[in-house]
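Undergrad: sequence-free structure coming up:
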């Protein structure tokens, strides 16, 4: 097949382009800008556009398919040319469904934890040499790409994102996969620019549940009351398997999972990660991996990239980087670090970076999210507010929203970095939470704080 990518440089898009290239497809693509690591990875496979920009002349009737990324606009010149020629235009999830419709599709959904759960499943399967097709939202240790496609594999494991499919397809991505086996980890309001009310947001998970093939399997976190209600109220004729946080203990900073074979030491920690593990175990069992086999493999799972990723440690200090940005993720991650390091001072630094987190009306959702930190810092850039065309927010608003009077707030990258590098971090656990980089923080330099 001849496939052209409009906005090939995106994290998901460039991985799909590489996966299809490896499968033998003829791939071309365009983008107005491409950042690292996408740029180098596309270049390595000979897929990097020679020049950046949109070129309608690349769109011809010889193309079998167009894959349209979210970065493109509805009036993109290449998209308009493709529509004019009547070419088949796919969103990213639509094309993944086409690649997997003859397979058993396993889709992991939820407001939080889906990347970690998908990563756990793939780690266990890889450990036991079970080959599957997959799409996951983070780079994993032992995996070359975030997307892998074959003709022969029986299963396709998909991280099910609830965000929009493409600029011309406003359906959430996970509505398009029609899973045979699925999981919902939790529901906490997010993406308020698309889902203006919590009820509207939660409804997307009801639609997802009803999209399972008849007789399919839904694994769900029954400790989340909204998830429980969504799944148990569904009239779709599916099998429902609840999971809860398994029994565990923390001894000398090490998390031990209670198993039939005794205590199992884990590399990951935190109640939310133990919940994730319980969900991943159910999914693996439905894919033919026994309980003992699961435990044997999960012991060596170190976590997904940027998900409570330990970036530096010595005898007195540990530093974590985490993708957490939504209120529920921030609260769970901060609590997990404090529970794991009860005798250390926890310094939690959060960057408000996404559209939702910078929205003045949404800010109040963060009430108490940083309470478990001994010292808490929030960084945000007024430039980000301007780019997203949002109302200005003040330091006073942020302190009021978080309900923490001793909250430290920075708006200038240099001031935040000066603060961070001036701290005495002996007997500390540092948590850097952001989907950005605090306006240019070099994480390699952060490692030298120890």
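TA: Ah, there it is. Values in this document were obtained by computation on a predicted structure and should not be read as measured data.
Undergrad: contacts, neighbours, all on C-alpha from now
TA: OK.
Undergrad: Span of stretch 294-313 from start to end?
TA: Using C-alpha to C-alpha, to the nearest Å, one end of stretch 294-313 lies 28 Å from the other.
Undergrad: Ok, stretch 3-23 next?
TA: The straight-line separation of the ends of stretch 3-23 (C-alpha to C-alpha) is 12 Å.
Undergrad: Now that stretch: buried residues?
TA: 3-21 (16 or more other C-alpha atoms under 10 Å).
Undergrad: got the contact list for the residue lying closest to residue 153 once chain neighbours are set aside?
TA: Residue nearest to residue 153 in three dimensions, not counting chain neighbours: residue 132, with 5.4 Å by C-alpha to C-alpha, 6 or more residues apart in numbering. Residues in contact with residue 132 (C-alpha atoms under 8 Å, 6 or more residues apart in numbering) are 125, 153-157.
Undergrad: Heading C-terminal from the longest strand seen in the chain, find the next helix or strand.
TA: Identified as the longest strand of the chain according to DSSP state E is strand 345-352. Using DSSP states H and E, the helix or strand that follows strand 345-352 towards the C-terminus is strand 375-380.
Undergrad: okay, now the domains of the protein?
TA: Under the assignment automatic domain parsing, the domains of the chain span 2-87, 95-298, 309-447.
Undergrad: Can you classify residue 311 as helix, strand or coil?
TA: The three-state assignment at residue 311 reads strand, by DSSP: H, G, I helix; E, B strand; the rest coil.
Undergrad: does it really touch residue 320, like I thought?
TA: Yes - applying C-alpha atoms under 8 Å, one finds residue 311 in contact with residue 320, separated by 5.7 Å.
Undergrad: Between these two, which is the more surrounded one?
TA: The neighbour comparison of residue 311 against residue 320 (other C-alpha atoms under 10 Å) goes to residue 320, with 20 against 14.
Undergrad: A helix includes the more buried one, no?
TA: No - applying three-state DSSP, one finds residue 320 to be strand, outside a helix.
Undergrad: For it, name its beta-bridge partners.
TA: Per DSSP bridges, the residues bridged to residue 320 are residue 310, residue 431.
Undergrad: can you pull the contacts of it?
TA: Residue 320 neighbours (C-alpha under 8 Å, 6+ apart): 308-312, 429-432.
Undergrad: can we see that at 10 Å?
TA: Neighbouring residues of residue 320 by C-alpha atoms under 10 Å, 6 or more residues apart in numbering: 306-313, 337, 348, 429-433, 447.
Undergrad: So for residue 311 and residue 320, which residues contact both of them?
TA: Applying C-alpha under 10 Å, 6+ apart, one finds that residue 311 and residue 320 are jointly contacted by residue 447.
Undergrad: Could I have the ChimeraX command that selects the buried members from the contacts of residue 132?
TA: In ChimeraX syntax, the buried subset of those is picked out as below (16+ other C-alpha under 10 Å):
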select :125,155,156,157
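Undergrad: Kindly reformat the contacts of residue 132 as JSON lines containing pLDDT, secondary structure and distance to residue 423.
TA: Below are these laid out as JSON lines (pLDDT from 0 to 100; DSSP: H, G, I helix; E, B strand; the rest coil; distance: C-alpha to C-alpha, whole Å):
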{"residue": "125", "pLDDT": "97", "secondary structure": "helix", "distance to residue 423": "42"}
{"residue": "153", "pLDDT": "97", "secondary structure": "coil", "distance to residue 423": "51"}
{"residue": "154", "pLDDT": "97", "secondary structure": "coil", "distance to residue 423": "52"}
{"residue": "155", "pLDDT": "98", "secondary structure": "strand", "distance to residue 423": "49"}
{"residue": "156", "pLDDT": "98", "secondary structure": "strand", "distance to residue 423": "46"}
{"residue": "157", "pLDDT": "98", "secondary structure": "strand", "distance to residue 423": "43"}
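Undergrad: could the contacts of residue 132 be laid out in TSV, adding distance to residue 285?
TA: Below are the contacts of residue 132 laid out as TSV (distance: C-alpha to C-alpha, whole Å):
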residue	distance to residue 285
125	11
153	18
154	15
155	13
156	15
157	14
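Undergrad: now the strands: where do they sit in the stretch 1-150 of the chain?
TA: 2-6, 26-30, 65-68, 89-91, 104-109, 133-135, 147-148 (DSSP state E, counting those that start in this stretch).
Undergrad: Point out the most buried one among those.
TA: Among these, strand 104-109 has the highest mean neighbour count (mean count of other C-alpha atoms under 10 Å), at a mean of 26.
Undergrad: Can you tell me the closest non-neighbouring residue to residue 325?
TA: Once flanking residues are discounted, residue 325 sits nearest to residue 434: 5.8 Å by C-alpha to C-alpha, 6+ apart.
Undergrad: Quick check: the gap between residue 343 and residue 42.
TA: Distance from residue 343 to residue 42, by C-alpha to C-alpha: 46 Å.
Undergrad: Between those two, which has more neighbouring residues?
TA: Neighbour totals were compared for residue 343 and residue 42, and residue 42 leads with 20 against 12 (other C-alpha under 10 Å).
Undergrad: What are the phi and psi values at the nearest residue to that one once chain neighbours are set aside?
TA: Nearest non-adjacent residue to residue 42, counting by C-alpha to C-alpha, 6+ apart: residue 48, 4.9 Å away. Dihedral pair for residue 48: phi -70, psi 130, per degrees, to the nearest 10.
Undergrad: on that earlier part again, show me which of the contacts of residue 320 is closest to residue 240.
TA: Proximity of those to residue 240 (C-alpha to C-alpha) peaks at residue 307, which lies at 27.9 Å.
Undergrad: what's the pLDDT at the residue nearest to that closest one when sequence neighbours are not counted?
TA: Leaving aside its sequence neighbours, residue 307 sits nearest to residue 322 (C-alpha to C-alpha, 6+ apart; 4.7 Å). On the pLDDT scale, residue 322 is placed at 91.
Undergrad: Check whether residue 322 really touches residue 337, as I assumed.
TA: No - applying C-alpha atoms under 10 Å, one finds residue 322 not in contact with residue 337, separated by 11.1 Å.
Undergrad: So which of these two has more stuff around it?
TA: residue 337 (24 against 21).
Undergrad: so what's the more buried one up against?
TA: 253, 269-270, 308, 320, 344, 346-348, 372-373, 429-431.
Undergrad: so what's in contact with residue 322 and residue 337 at the same time?
TA: When C-alpha under 10 Å, 6+ apart defines a contact, the residues bordering residue 322 and residue 337 alike are 308, 431.
Undergrad: hey, which helix or strand in the protein has the poorest pLDDT?
TA: When each helix and strand of the chain is scored by mean pLDDT, DSSP states H and E, helix 382-387 comes last, with a mean of 83.
Undergrad: List the neighbours of that helix that are in contact with it.
TA: 352-355, 358-359, 388-394, 411-412, 439.
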